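> predicted model, plus sequence, below.
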Amino acid sequence: MSDQEPFPYAHLAAQAAAIVAVIWYVAIWLIGLLGHIRIRATISRKLVAGAPRAESVSSTLSPSNAPGVTIIRPIKSPGPFQTEPHLAECLLSSVRQRYPRFELILTVADHDDPAIHCIRQIIRENPDHDVSLVIGDEKIGINPKINNLIRGWRKAKYDIVWVIDCNIWLDPGAMGRAVDVLLGHPWDEDLRQKPSRRPAKFVHHLPICVNTTGTDEFLKPWTSRFDSSGCALEESFLSSSHAKFYTAINTVAIAPCIIGKSNMFRKSHLMELCPKTPYTEGGIATFSSKLCEDHLIAEQLWKYTVKDDVKYNNENGTSAGLIKHALLNEPCFQPMSGMTIRDYWARRSRWLQVRKFAVFAATIVEPGTESFLASYIGGVGLKYLGLLPADWTVLYFWLASVGAWCLGDWLLYREIHKYETVNKSDPDCPVWLKVGRKRSIPAWFLQWLGREALALPVWFNGMFRGDVNWRGNEFSVGIGGIRQAN
């Protein structure tokens, strides 16, 4: 008995764990590669006037036939004397949409928000557009974004609702292309022709952060601008890890994966799934007691069938229904400046804090998708199974894997930040998109390395902290739910 191993199945368990580790590592690489390929093949391709992909059927219809769209842009400035970077350009990108029938509702949470002056000037300068300003949120729950949106939601005159964060810039043709995907166009002028493809219930854009720090000074190296180095980290995150996995997950469409920067859906669908009750007015108000409203709205439309699903099936002899979610083949852009490393830390931690109970499984495994930890997991598994060269240690494999990861992210960053989807000859195109990126390889490598090195510490901070601060609103997040602390 004494000759027996104390744990007779320890070797088998270790071998199984090593196999799982290798499978995980390979799967993460394949998922990232899928996202990379789609971004290069479609999302970052040229999209200028005259190109086939640039023209939308919806935008060519007459105002009486074009489906109406309500754009709602909630606004809350980061401080009493500070607006979002390039706010006017971002809001004007909605006014300048080449689309025959839409309204723009700008909702501002606070009566003393410094953005109000800018918004009123936009309204004065565009009297021929249907632009309205709603000042003052309504406390219907703990979610500050829903509180800000709700009055604009009630005011919306059209069924198609496009919710866009105030710090997002979109190409002038983006609305028409989004409506085409949502409704399954092309249609003919009289709307008699059936859609040539399946309509969707929810469409959204891949968000790309653009660090505009130093744009007017030809982008000085970020290492000389420590007061804004958080922008470089955010730009790196949204141009590498997030871009790849967000795109890949939405391509295979195995689960809802949404960030609420630019989302279009039908108001009637959400009201059908979230009807009025004695306790809530329904629609987006249903989510006022929770954070992560973008994920929850998208999840609702993903999980449940609406009448249009049944109608589509009956008319086309299928059981597929509408497409649940559709990621559009073009990005939206978020200009960013003035973010410190502390701000970046707080921003990424807050994101994890509010997501950890909404999508727990995805959040708990997130560190294993990052280059440092995934490479270590893969190296340990391969070494245990004897699949590495005899003279290779786990460290050698880790260095090689992280190096390959870095190269892939550099190539993806270069592709994304060419801004090929933007018509740079358009006089209204922002200068921070016209100039493109001027990062040297060493400068980019430093921001990439900083982002990768902070990924695991940020994850631990987000997972084990229960307090969330969002622009003056304090929340306590726990298993029992979310409550407002002030």
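That came through fine.
> I'd guess residue 73 is in a strand, am I close?
Yes: using DSSP: H, G, I helix; E, B strand; the rest coil, the secondary structure at residue 73 is a strand.
> shouldn't it be in contact with residue 115?
No: when contacts are counted by CB atoms under 8 Å, residue 73 is not listed as touching residue 115 (10.4 Å). In short, each C-beta sits where N, CA and C put it, glycine included.
> alpha carbons of the host helix or strand of residue 263, as CSV, please.
Taking DSSP states H and E as the definition, residue 263 sits inside strand 262-266. Backbone C-alpha positions of strand 262-266 (Å, rounded to 0.1, in the frame of the first residue of the first chain) are rendered in CSV as follows:
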residue,chain,number,x,y,z
SER,A,262,-23.7,52.9,-31.7
ASN,A,263,-26.8,50.7,-31.6
MET,A,264,-29.9,50.6,-33.9
PHE,A,265,-33.1,48.7,-33.3
ARG,A,266,-36.8,49.0,-33.5
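> continuing past that strand, what's the next helix or strand?
helix 267-273.
> from the contact counts, what lies against that following helix?
helix 293-303 (3 or more CB pairs under 8 Å, 6 or more residues apart in numbering; DSSP states H and E).
> buried stuff in the helix it packs on?
Within helix 293-303, the residues that count as buried by 16 or more other CB atoms under 10 Å are 293, 294, 295, 296, 297, 298, 299, 300, 301, 302.
> which neighbours do residue 73 and residue 115 share?
residue 166 (CB atoms under 8 Å, 6 or more residues apart in numbering).
> hang on, isn't residue 247 packed against residue 328?
No: using CB under 8 Å, residue 247 is not in contact with residue 328; the gap is 10.9 Å.
> which residues are common contacts for those two?
Shared contacts of residue 247 and residue 328, counting by CB under 8 Å, 6+ apart, come down to residue 206.
> can you map out the strands along the protein?
69-75, 102-108, 131-135, 160-164, 202-211, 262-266, 326-336, 467-470, 473-478, 481-484 (DSSP state E).
> buried ones in stretch 122-141?
Buried, per 16+ other CB under 10 Å, within stretch 122-141: 122, 131, 133, 134, 135, 137, 138, 140, 141.
> distance of the third one from residue 144?
When CB to CB, to the nearest Å is applied, the distance between residue 133 and residue 144 equals 18 Å.
> contact partners for the residue nearest the centre of the chain?
By CA atoms, centre = their mean, the chain has its centre lying nearest to residue 259, at 3.4 Å. Listed by CB under 8 Å, 6+ apart, the contact set of residue 259 reads 204, 207, 246, 294.
> ok, now residue 341?
226, 229, 230, 233, 450.
> okay, those residues in a markdown table with distance to residue 239 next?
Supplementary listing: the contacts of residue 341 in a markdown table, determined by distance: CB to CB, whole Å:
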| residue | distance to residue 239 |
| --- | --- |
| 226 | 21 |
| 229 | 16 |
| 230 | 15 |
| 233 | 11 |
| 450 | 14 |
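> so how many other residues sit close to the closest residue to residue 342 other than its chain neighbours?
Using CB to CB, 6 or more residues apart in numbering and skipping the chain neighbours, the partner closest in space to residue 342 is residue 230 (7.2 Å). Neighbour count of residue 230, defined by other CB atoms under 10 Å: 26.
> go on, residue 162?
26.
> wait, it sits on residue 73?
No: if you go by CB under 8 Å, residue 162 and residue 73 don't touch, sitting 9.0 Å apart.
> any buried residues in the lengthiest helix in the chain, and which?
In the chain, assigned by DSSP state H, the helix with the most residues is helix 10-38. Going by neighbour count (16+ other CB under 10 Å), the buried part of helix 10-38 is 18, 21-22, 24-25, 28-29, 31-32, 34-36, 38.
> which residues of the stretch 301-450 of the chain fall in helices?
Ranges of helices in the stretch 301-450 of the chain, per DSSP state H, counting those that start in this stretch, are 307-316, 341-355, 360-364, 371-384, 394-416, 431-434, 441-464.
> could the ones you listed be laid out in a markdown table, adding mean pLDDT?
As requested, the helices of the stretch 301-450 of the chain are exported to a markdown table (pLDDT from 0 to 100):
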| stretch | mean pLDDT |
| --- | --- |
| helix 307-316 | 94 |
| helix 341-355 | 90 |
| helix 360-364 | 89 |
| helix 371-384 | 98 |
| helix 394-416 | 97 |
| helix 431-434 | 91 |
| helix 441-464 | 94 |
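> deepest-packed of those, please.
With neighbours defined as mean count of other CB atoms under 10 Å, these peak in mean count at helix 371-384, which reaches a mean of 21.
> can you list contacts of that helix?
14-15, 17-22, 24-26, 28, 241, 367-368, 388, 392-395, 397-398, 401-402, 405-406, 409, 452-453, 455-456.
> stretch 460-472 too?
Contacts of stretch 460-472 (CB under 8 Å, 6+ apart): 76, 78, 144, 291, 345-346, 348-354, 356, 363-364, 474-478, 485.
> let's go with 6 Å and repeat that
76, 349, 350, 352, 353, 356, 475, 476, 477, 478 (CB atoms under 6 Å, 6 or more residues apart in numbering).
> cool, stretch 59-70 as well?
Identification of contacts with stretch 59-70 by CB under 6 Å, 6+ apart yields 58, 98-103, 156, 158, 160-162, 176, 179.
> swap the cut-off to 8 Å and go again
Stretch 59-70 is contacted from outside by 58, 98-103, 105, 156-162, 173, 175-176, 179, 183, 187, 189-191, 264, 267, using CB under 8 Å, 6+ apart.
> distance from the chain centre to it, please.
27 Å (CA atoms, centre = their mean, to the nearest Å).
> report the buried residues of it.
In stretch 59-70, counting by 16+ other CB under 10 Å, buried: 59, 61, 66, 67, 68, 69, 70.
> setting aside sequence neighbours, what's the nearest residue to the last one?
If you skip the residues right next to it in sequence, residue 70 has residue 156 as its closest partner in space, 3.9 Å away by CB to CB, 6+ apart.
> could you report the neighbour count for that neighbour?
Applying other CB under 10 Å, we find 19 residues neighbouring residue 156.
> from residue 116, how far off is the closest residue to residue 76 other than its chain neighbours?
Closest residue in space to residue 76, ignoring its immediate chain neighbours: residue 109 at 4.5 Å, by CB to CB, 6+ apart. Residue 109 sits 11 Å away from residue 116 when distances are taken as CB to CB.
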